[in-house]
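Asker: Got a predicted structure plus its sequence, pasted below:
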Amino acid sequence: MKRLIKRAIRPFWKMTESIRRPLARQFDSRMNHMIAVAIQARMMPTIQAALDSSARSLERLESSLDGANQSAQVLACDMDLMLGSVVREVARLQSQVDAMQDLVEHAVSRGRSGLSLLEQGDDEPALERARVG
């Protein structure tokens, strides 16, 4: 029985194919539009609230990064000044060491032996003083 009804309806179904396609397209587009509107009405406030919260968090994060960047720049500037002072002090000390080394070499080259500040002829009294003291 079912087969007989299907056989009778099939030619009419094929004849209505040209009308069914545009109607089906319109029905689909209306359904899609209704679903989109419903989703926007229900979901957009939640999505908007989440976006606003994320924007506030992002602004706080940017402000903290700006503060950290500024403190890093201040630290770098202070470090530069401190290292410059250290370099100047090392250069000053090096020049003093060079001057002292020149004095010692000049004193040794005049006939003195070692780091002794006494003249060659003054050795005997120095030995006596060392024995007495």
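Answerer: Sure, I can see it.

Asker: I'd like to know the average pLDDT value across the one helix or strand residue 25 maps to.
Answerer: Secondary-structure assignment from DSSP states H and E places residue 25 in helix 17-109. In this model, helix 17-109 carries a mean pLDDT of 91.

Asker: now for it, which elements pack on it?
Answerer: The contact analysis (3 or more CB pairs under 8 Å, 6 or more residues apart in numbering; DSSP states H and E) places helix 17-109 against no helix or strand. Glycine gets a C-beta too; all of them are placed from N, C-alpha and C.

Asker: Centre of the chain to that helix, how far?
Answerer: Put simply, helix 17-109 sits 7 Å off its chain's centre (CA atoms, centre = their mean, to the nearest Å).

Asker: For residue 97, give me its contacts.
Answerer: For residue 97, the contact set (CB atoms under 8 Å, 6 or more residues apart in numbering) is empty.

Asker: roughly how far apart are it and residue 43?
Answerer: According to CB to CB, to the nearest Å, residue 97 and residue 43 sit 78 Å apart.

Asker: now residue 24
Answerer: 27 Å.

Asker: and what of residue 56?
Answerer: Look at residue 56 and residue 43: by CB to CB, they are 20 Å apart.

Asker: Please apply the same query to residue 75.
Answerer: Counting by CB to CB, the gap from residue 75 to residue 43 is 47 Å.

Asker: Over to residue 50?
Answerer: 10 Å.

Asker: ditto for residue 10
Answerer: Distance from residue 10 to residue 43, by CB to CB: 44 Å.

Asker: can you check residue 58 too?
Answerer: Look at residue 58 and residue 43: by CB to CB, they are 22 Å apart.
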